[in-house]
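*Asks:* model this:
(chains A and B)
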Amino acid sequence: MAYIVADDLKYRYPDSADLALKGLNFTVEKGEFIGIAGENNSGKSTLCQAFAGLVPNFYKGAYGGKLTIGGLNPASAANSEICTKIGLVFQNPYNQFSGAAETVFEEIAFGLQNIGIERSEMIRRIEEVMVLLDIADYKDRNPFDLSGGQQQRVALAGVLAMSPEVLVLDEPTSQLDPKGTSEVFGAVEKLAGKGITIIMAEHKTEKLAEYCDRIMLLKEGEIAAFDTPERVFSAGGLKDLGIAPPVYTTAAKKLGKRDKEGYYPVTLAGALNALNGEIPEVIRRLYPKREQKSVIRLENIGYSYKEGVRVIEGLNLEIDLRPTAIIGQNGAGKTTLAKLIKGLIKPTNTEEAHGDKSEKKGISPGEKSGQISEEYCGDILLYGESTLPKTAAALSSKIGYVFQNPDDQIFKNTVLAEVMFGPLNIGFSKQEALEMSLKALDKVHLEGSKDMNPYDLSLSERKLVAIASVLAMDTDVIILDEPTIAQDSQGKQRIAEVIKELCEEGKAVIAILHDMDFVARCFERVIVMAKGKILAEGFPEDIFYRGEVLEAAGLEPPHIAILMQRLGGEGRALTVDDLKDSGE
Amino acid sequence: MKSISLYVEAKSPFHSLHSFTKLFYLLTMIIVPAAVGTIGAFAAGAAVSLFFLIICRLFKKSLPFVIFTLTVILIVFIVQGLTYPQNSVVFFSLGNVRFYKEGLMYALRIGLNFWNILFAFALMILTTKPKNMVEDCEQIGLSPKFGYIIASVFQIIPQMTSTMSTITDAQRSRGMETEGKLLTRAKAFIPLLAPVVMSSLINTKERAMALQVRGFEANIPKTFLYKRNLKKTDKWAMSIMGAAMVASIVRRVILWLI
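*Replies:* The predicted model follows:
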């Protein structure tokens, strides 16, 4: 008998009319690596939580059918049995920490203490998982002080130390930067093949294809496909399921290249095999003609959060009407740069950390985060006028900023009221604010949700509400901080359309991004940052083929650029659109 | 991460004591001077704790406590010096205002007792990690759930503070002034507070699930990563303090009976 058996598994959340899982039937063998893909709200997280018994035990609601894991039914088993057999790692590394441990070592011990593991065995297991996941160097650090990738590995260690037979990972890298993502996937790679059954829900289909034995595609709570990655991603109709197949598969489809079994390749190795040394023809990228106009100019800007530690140093930059992506690892200074442009922080001179000397330069007392010293040098100009004497609130009619986490701003009862908050603040009449907000909601395809409570929407939809709330302010400059986080392929498509429309309207769009495929697809200018400095800037096809710059910034180029480089081609393709159709 | 705990990482005789010994010390410093009941006993109690604070190099750290309480004690002196019911002997006058000896002595007694307890308390919290204290209590029967609530506060509050500053930035970005006149700040109250509460609730829900996955509801007797046993010094110290408490109480009872 199969190790995991789902027999007509159904579930409906309380206060919901629709089933989140609609009678799933599947089996999984022990030691298999299963990937779960699907658009947002397709049931991925619900299924992950059903494996751990949180559905229905935590949420309550209506549960039907049966799920057994090695003979254990998580819906009825005791917590002590479930947590020693099934481990679950969530999306957000920060929220899954116990919150009661002061060090990484103690954090990993938390679960082991709860299930009564003897002290010597506890220490043995902690040391083992720390070595396995390469976190032993941080064992005495506070888990909250680590980077996202390190935090997620600590969370994984906390679960693994409990020696589960099944490890369920619910989009473990959705909120991480490229370095954090590769750290976590590196850890997952180590676990694969160790006999542990792994189930991973993930939007990054390239990664699923690389690691998984089989992939389950979910659509509105039903299984649309459950087969090997090659078969699943070679099939047609994926767009209707809200799935973007691996970039390599899309490229192979366009080029008409299949593997020996007749399937499209799903991994880089598979694509290289299928191409067999053949170098695809590349279409030269053409960008729309834009008005040559300097919108923002930064002159010799520096910033320190702590005295002596420069986050931004001697930075000069001009932003024009080309959509501009700022890329770099966490800590490179991207968000600090965006906050300086927005006026949330003010530059400091070379010696000083932000202090309390604001009044000396005529800065309003309201500007508490970062002030200017008397020896301050440099300036930030918006259409030639210095922004330094203005507060962030005063600049909000000119510069919009969408924060990474939408929950940092949402407070109104309805989506429409939330979106109207900004325009009303900057002096538009109620009627004008209403019209602008409806237009903004239309842009992000959320006009149908305008009367809903924002907190009844998913995280990806709340992110779109946050974007709409800034679009409604009709600013000349829009800064987007990680707009694609938690978005599925449809959500990314909506954001790509929004960026395109904004540029057509003559707005300056600046985005901080970790998704290089998205950068390659939507942006005409790329700025690479590392250690508070700009390493390079230019057209995406130039930047992503400058290996030394990417290496210095700790970045990887888009998947198609990797493929082209491995093939040794001259053409600078970045996306599948840059490849010439084979005509097959 | 900025901690809200007052614990000072250092090596001192008090740091090496078991948290129960320090709790016992606090109890002793409350009971013994109260049972003896003289101003001298309160002064001696305060002096002993102050002496320990100095030799543990924690006097500087305890100064904020002293400064904070000075105003309260000053008020007690003024109020009691002027209005204590048994006031009869004028101690000094400021113009027409007369301060009486009885009231001032009573205030001195209150003030010294206050500092006695304060210094003993400071000694305990400056030398004990809250988490260790909670764990020690859990090991003798405190509910792990109650212990978790106390321990998590010290980690989660600083996190909420940092969320608050991001929320402030997010609302300022949408044109809302958050500082300045009282009315401006009042207007900013809901837009700042609501996301803090909502994101805390969301975080709490996710954290509750994560705790469940990690066996928090397992109903298995909990084991502990660290076992801090009472050392010889702790046992000796507790025996002496216990004897002092018993002796002072017995003396007080005898005095009552006579």
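*Asks:* For the host helix or strand of B:Phe119, which helices and strands make contact with it?
*Replies:* Here B:Phe119, judged by DSSP states H and E, is contained in helix B:101-127. Using 3 or more Cβ pairs under 8 Å, 6 or more residues apart in numbering or on different chains; DSSP states H and E, the elements in contact with helix B:101-127 are helix B:19-36, helix B:39-55, helix B:59-83, strand B:90-94. The C-beta positions use only the backbone N, C-alpha and C, and glycine is treated the same way.
*Asks:* ok, residues contacting the last one?
*Replies:* Contacts to strand B:90-94, defined as Cβ atoms under 8 Å, 6 or more residues apart in numbering or on different chains, come from residues B:81, B:98-101, B:104.
*Asks:* got it, and the third one?
*Replies:* Residues outside helix B:59-83 that contact it (Cβ under 8 Å, 6+ apart) are B:6, B:8, B:50, B:53, B:87, B:91, B:97-100, B:103-104, B:106-108, B:110-111, B:114-115, B:118-119, B:122-123, B:126.
*Asks:* what does the second one give?
*Replies:* Contacts with helix B:39-55, where a contact means Cβ under 8 Å, 6+ apart, come from B:12-14, B:29, B:32-33, B:59, B:62, B:105, B:108-109, B:112-113, B:115-116, B:119-120, B:122-123, B:126.
*Asks:* Give the buried residues for that helix.
*Replies:* Neighbour-count burial for helix B:39-55, with 16 or more other Cβ atoms under 10 Å in any protein chain shown as criterion, is recorded at B:39, B:41-46, B:48-50, B:52-53.
*Asks:* Tell me how far it lies from the chain's centre.
*Replies:* 17 Å (Cα atoms, centre = their mean, to the nearest Å).
*Asks:* what is the rounded mean pLDDT of it?
*Replies:* For helix B:39-55, mean pLDDT is 94.
*Asks:* Okay, angle between it and helix B:101-127 too, please.
*Replies:* 30 degrees (axes from the mean of the first three to the mean of the last three Cα atoms, to 10 degrees).
*Asks:* Helix or strand: which one has A:Ile301?
*Replies:* If you go by DSSP H and E, A:Ile301 is part of strand A:296-306.
*Asks:* now the next helix or strand after that strand, how far from the centre of its chain.
*Replies:* Next helix or strand after strand A:296-306 toward the C-terminus (DSSP H and E): strand A:309-319. Its chain's C-alpha centre and that of strand A:309-319 lie 25 Å apart, by Cα atoms, centre = their mean.
*Asks:* before we move on, back to that, export the helices and strands packed on helix B:101-127 as JSON lines, with columns for distance to A:Ile345.
*Replies:* Below are the helices and strands packed on helix B:101-127 laid out as JSON lines (distance: least, Cβ to Cβ, whole Å):
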{"stretch": "helix B:19-36", "distance to A:Ile345": "42"}
{"stretch": "helix B:39-55", "distance to A:Ile345": "40"}
{"stretch": "helix B:59-83", "distance to A:Ile345": "30"}
{"stretch": "strand B:90-94", "distance to A:Ile345": "52"}
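*Asks:* just the ones you listed: most buried one?
*Replies:* Comparing those by mean neighbour count (mean count of other Cβ atoms under 10 Å in any protein chain shown), helix B:19-36 ranks first with a mean of 20.
*Asks:* pull the longest helix from chain B.
*Replies:* Ranked by residue count, the top helix of chain B under DSSP state H comes out as helix B:182-213.
*Asks:* got the buried residues for it?
*Replies:* B:188, B:191-192, B:194-196, B:198-200, B:203, B:206-207, B:209-213.
*Asks:* which stretches of the stretch 51-200 of chain B have low pLDDT?
*Replies:* Applying pLDDT under 70 to the stretch 51-200 of chain B flags no residue at all.
*Asks:* Apply 90 and report the result again.
*Replies:* B:59, B:61-72, B:94-96, B:131, B:141, B:144-145, B:149-200 (pLDDT under 90).
*Asks:* The helix or strand of chain A with the lowest mean pLDDT packs against which elements?
*Replies:* Lowest by mean pLDDT, DSSP states H and E among the helices and strands of chain A is helix A:178-191, with a mean of 81. The contact analysis (3+ Cβ pairs under 8 Å, 6+ apart) places helix A:178-191 against helix A:119-132, helix A:148-160, strand A:197-201, helix A:205-211.
*Asks:* could I get whichever strand or helix holds A:Thr84 in PDB with only the CA atoms?
*Replies:* A:Thr84 belongs to helix A:79-85 when assigned by DSSP H and E. Extracted C-alpha coordinates of helix A:79-85, given in PDB (Å, rounded to 0.1, in the frame of the first residue of the first chain):
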ATOM      1  CA  ASN A  79      -0.600  16.400  18.100                       C
ATOM      2  CA  SER A  80       2.300  14.500  19.600                       C
ATOM      3  CA  GLU A  81       2.000  11.800  16.900                       C
ATOM      4  CA  ILE A  82       1.600  14.300  14.100                       C
ATOM      5  CA  CYS A  83       4.500  16.500  14.900                       C
ATOM      6  CA  THR A  84       7.000  13.600  15.200                       C
ATOM      7  CA  LYS A  85       5.900  12.200  11.800                       C
END
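*Asks:* For it, buried residues please.
*Replies:* By 16+ other Cβ under 10 Å, the buried positions in helix A:79-85 come out as A:79-80, A:82-85.
*Asks:* what two of the residues you listed are the furthest from one another?
*Replies:* Spatial extent of the buried residues of helix A:79-85 (Cβ to Cβ) is set by the pair A:Asn79 and A:Lys85 at 11.0 Å.
*Asks:* quick one: the spatially most central residue of chain B from B:Gln155, how far?
*Replies:* Centroid check for chain B by Cα atoms, centre = their mean gives B:Phe121 as the closest residue, at 5.8 Å. In this view, B:Phe121 and B:Gln155 are 23 Å apart by Cβ to Cβ, to the nearest Å.
*Asks:* next one: B:Ile67
*Replies:* B:Ile67 sits 28 Å away from B:Gln155, going by Cβ to Cβ.
*Asks:* quick check: domain ranges of chain B?
*Replies:* Split into domains by automatic domain parsing, chain B comes to B:19-128+B:229-257, B:135-213.
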